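Visitor: need a 3D model of the following:
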Amino acid sequence: MERLRATGHHAVELGDVAAWIRQGLDLPSAAVVLTFDDGYRSTYEQAFPVLQAYGMKATVFLTVGPQGADGARLPSFEGRPMLSWAEIHEMQRAGISFGAHTLTHPDLTRISLQQVETEMRASKARIEDRLGTAVECFAYPYGRYDLRSRELARQWFACACSDALGLVSARSDPWALERVDTHYLRTDRRFDVVFTRWFPLYVRLQNVPRRLRRRVASAFGSR
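Guide: Numbering: from 1, shown residues only. Alright, predicted model coming up:
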C-alpha cells in the first residue's frame, strides 16, 4: 500500500468501476480496486490496519455460512476463523465495502439452479440485513461461473468478480470482471512490474501456464 500511494495510485470503489464500464466511460488512470475474498478474520487483523494507515478503500466478499447460522461471528471456513459482525461493522464505518460471496462457497457451476439462487440471494439478503445497506457486488466462489450464475448475478448485483486473470478495461464484462491475484505479485520484483508499461504483458504471459494447467485438470475431470 505504501508503494501504491507513493507512485500516485489510489483505490476506487469496485461498484464505481462497474458503473463506468456500463456507461462507456474511460477508467481513471492510476486507479486500483482492492478486493479480499471469503471474510477471514485476518482481513481485520492484518489488512484493515494497513488500509487505514494509507487511506485505501477495499471490498471484502463475505461467505456468511449456511442458513440458520446467524451467530456473532461468521462460521469457520476451511478451518480458519472468520470475521465477526462487530469487526465487519467497524470496517464498514471506516469506509470498507462488503459484497456477497454466497452462503457456503460452492462451485456454482456444479450445483442446481435452485441452489445457485439460494446461495446468491440469501447471502446478499443476510449481509444487507446485518449492515443496513444495499449489497451491489458479488464474487463467484473460486471465480467460477456459467451462463446461469452470470445471469442471476446480473439480476441481483451491479457487478461480479470472476477468476479471469487480467486487467479491467472499458471492454470488460461487469458481471465477469477480471482480477490479478496477489500470488502473481508476491515478490518485490514482481510487484515492481505494476508500475511499468510491461504490466499488461506480464499478466498475459502469466495466463499461458495458468490456462494450460486448467485444460489439463479439466481433461482429467478435476478443477
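Visitor: ranges for the strands of this structure?
Guide: 10-11, 31-32, 35-36, 59-62, 97-100, 137-139, 159-165, 177-179 (DSSP state E).
Visitor: helices and strands around the first one, which ones?
Guide: For strand 10-11, the elements it packs on are strand 31-32, judged by 3 or more C-beta pairs under 8 Å, 6 or more residues apart in numbering; DSSP states H and E. For every residue, glycine as well, the C-beta is placed using N, CA and C.
Visitor: contacts for the strand it packs on, please.
Guide: With C-beta atoms under 8 Å, 6 or more residues apart in numbering as the test, strand 31-32 has contacts from 4, 9, 10, 11, 12, 17.
Visitor: right, and the second one touches residue 28 too?
Guide: No. At 10.4 Å, residue 9 does not count as touching residue 28 under the criterion of C-beta atoms under 8 Å.
Visitor: which of these two has more neighbours?
Guide: Using other C-beta atoms under 10 Å as the criterion, residue 9 and residue 28 rank with residue 9 on top: 17 against 11.
Visitor: which one is that one nearest to, not counting chain neighbours?
Guide: Leaving out its chain neighbours, the residue that sits closest to residue 9 by C-beta to C-beta, 6 or more residues apart in numbering is residue 30, at 4.9 Å.
Visitor: which ones are touching that neighbour?
Guide: 7, 8, 9, 10.
Visitor: pull the contacting residues for residue 207.
Guide: Going by C-beta under 8 Å, 6+ apart, residue 207 touches 165, 166.
Visitor: and for residue 24?
Guide: Residues near residue 24 by C-beta under 8 Å, 6+ apart: residue 170.
Visitor: ok, it to residue 172 distance?
Guide: When distance is defined by C-beta to C-beta, to the nearest Å, residue 24 is 12 Å away from residue 172.
Visitor: list the buried residues in the lowest-mean-pLDDT helix or strand in the chain.
Guide: Across the helices and strands of the chain, mean pLDDT, DSSP states H and E gives its lowest value to helix 199-219, namely a mean of 80. Within helix 199-219, the residues scored as buried using 16 or more other C-beta atoms under 10 Å are 202, 203, 206.
Visitor: could the C-alpha coordinates of it be exported in CSV?
Guide: The C-alpha coordinates for helix 199-219 follow below in CSV (Å, rounded to 0.1, in the frame of the first residue of the first chain):
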residue,chain,number,x,y,z
PHE,A,199,2.5,-4.9,-16.6
PRO,A,200,-0.3,-5.8,-19.1
LEU,A,201,2.2,-8.1,-21.0
TYR,A,202,3.3,-9.7,-17.7
VAL,A,203,-0.3,-10.5,-16.8
ARG,A,204,-1.0,-12.0,-20.3
LEU,A,205,2.1,-14.2,-20.0
GLN,A,206,1.1,-15.5,-16.6
ASN,A,207,-2.2,-16.6,-18.2
VAL,A,208,-0.4,-19.0,-20.5
PRO,A,209,0.7,-21.7,-18.0
ARG,A,210,-2.5,-21.0,-15.9
ARG,A,211,-4.8,-21.9,-18.8
LEU,A,212,-2.7,-24.9,-19.7
ARG,A,213,-2.9,-26.2,-16.1
ARG,A,214,-6.7,-25.8,-16.2
ARG,A,215,-7.1,-27.6,-19.5
VAL,A,216,-5.1,-30.5,-18.2
ALA,A,217,-7.1,-30.6,-15.0
SER,A,218,-10.3,-30.4,-17.0
ALA,A,219,-9.2,-33.3,-19.2
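Visitor: fine by me, thanks again.
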